[in-house]
Structures are given as C-alpha cells and as structure tokens.
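*Asks:* Quick one, what's the 3D model for this:
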Amino acid sequence: MWAALACHGVAEGERNATAARLAGRLLAHGLGGAETFGLLEAWDAQRNRPPLGSAEVERVVASIAERELRKLRGTAA
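*Replies:* So this is what the prediction gives:
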C-alpha cells in the first residue's frame with residue numbers, strides 16, 4: 001500500500017488524509033520533521049494532481065509531529 005501511494009499519489013479529496021498517514025508513519029519510524037516534510041513535499045509536487053502545496057504539507061507534518069510528540073509524552077489528546 002505505502003509503495004503504491006509513493007509511486008502514484010492520490011486524487012483530490014484524498015491528499016490531506018494520505019499526507020497525514022504518511023507523515024505519521026515516517027515520524028513514528030524515527031524520521032525527523034524536516035526529513036518528513038522534504039519527502040512529503042516532493043511526493044506531493046511530483047505525484048498528486050493537483051498538489052496540496054508546500055504550505056499545506058508543512059501544516060500536515062507539523063500537526064502530525066505534535067501528535068506523535070504528545071504520544072511520546074503520554075499526553076495524547
């Protein structure tokens with residue numbers, strides 16, 4: 001599933017949720033926020049039509065990174 005998403009992207013209406021899932025997976029596996037953003041920004045620009053854009057990808061990664069940090073702290077909301 002993850003390989004297909006990376007290779008093909010997703011349609012409008014699925015982009016934000018998919019970016020959030022991918023960000024969560026990458027961050028949970030130890031990738032840093034900057035690296036996660038860089039990968040998702042490239043994926044979005046190259047594979048999604050239309051792309052979300054850098055600003056939206058940045059918001060998604062920041063939101064998911066904050067969620068992962070709350071999990072680590074044991075304060076998930």
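*Asks:* Pull the contacting residues for the closest residue to Asp44 other than its chain neighbours.
*Replies:* Of all residues beyond its chain neighbours, the one nearest Asp44 is Pro51 (4.6 Å), with distances taken as Cβ to Cβ, 6 or more residues apart in numbering. C-beta here means a position set from N, CA and C on the backbone, and glycine is covered the same way. By Cβ atoms under 8 Å, 6 or more residues apart in numbering, the contact list for Pro51 reads 15, 44-45.
*Asks:* Need phi/psi at the residue positioned nearest the centre of the chain.
*Replies:* For the chain, the residue nearest the mean C-alpha position is Ala23 (3.0 Å; Cα atoms, centre = their mean). Note on Ala23: its backbone torsions stand at phi -60, psi -40 [degrees, to the nearest 10].
*Asks:* The closest residue in space to it that isn't next to it in sequence: what's it in contact with?
*Replies:* In this structure, Ala23 finds its nearest non-sequential neighbour in Ile64, 4.1 Å apart by Cβ to Cβ, 6+ apart. Going by Cβ under 8 Å, 6+ apart, Ile64 touches 20, 23-24, 27.
*Asks:* Go ahead and produce PDB holding the CA coordinates of stretch 34-43.
*Replies:* Output of stretch 34-43 as PDB, limited to C-alpha atoms (Å, rounded to 0.1, in the frame of the first residue of the first chain):
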ATOM      1  CA  ALA A  34      12.400  18.200   8.300                       C
ATOM      2  CA  GLU A  35      13.100  15.000   6.500                       C
ATOM      3  CA  THR A  36       9.500  14.000   6.600                       C
ATOM      4  CA  PHE A  37       8.500  17.400   5.200                       C
ATOM      5  CA  GLY A  38      11.000  17.200   2.500                       C
ATOM      6  CA  LEU A  39       9.900  13.700   1.400                       C
ATOM      7  CA  LEU A  40       6.200  14.600   1.500                       C
ATOM      8  CA  GLU A  41       6.700  17.900  -0.300                       C
ATOM      9  CA  ALA A  42       8.500  16.100  -3.100                       C
ATOM     10  CA  TRP A  43       5.900  13.400  -3.200                       C
END
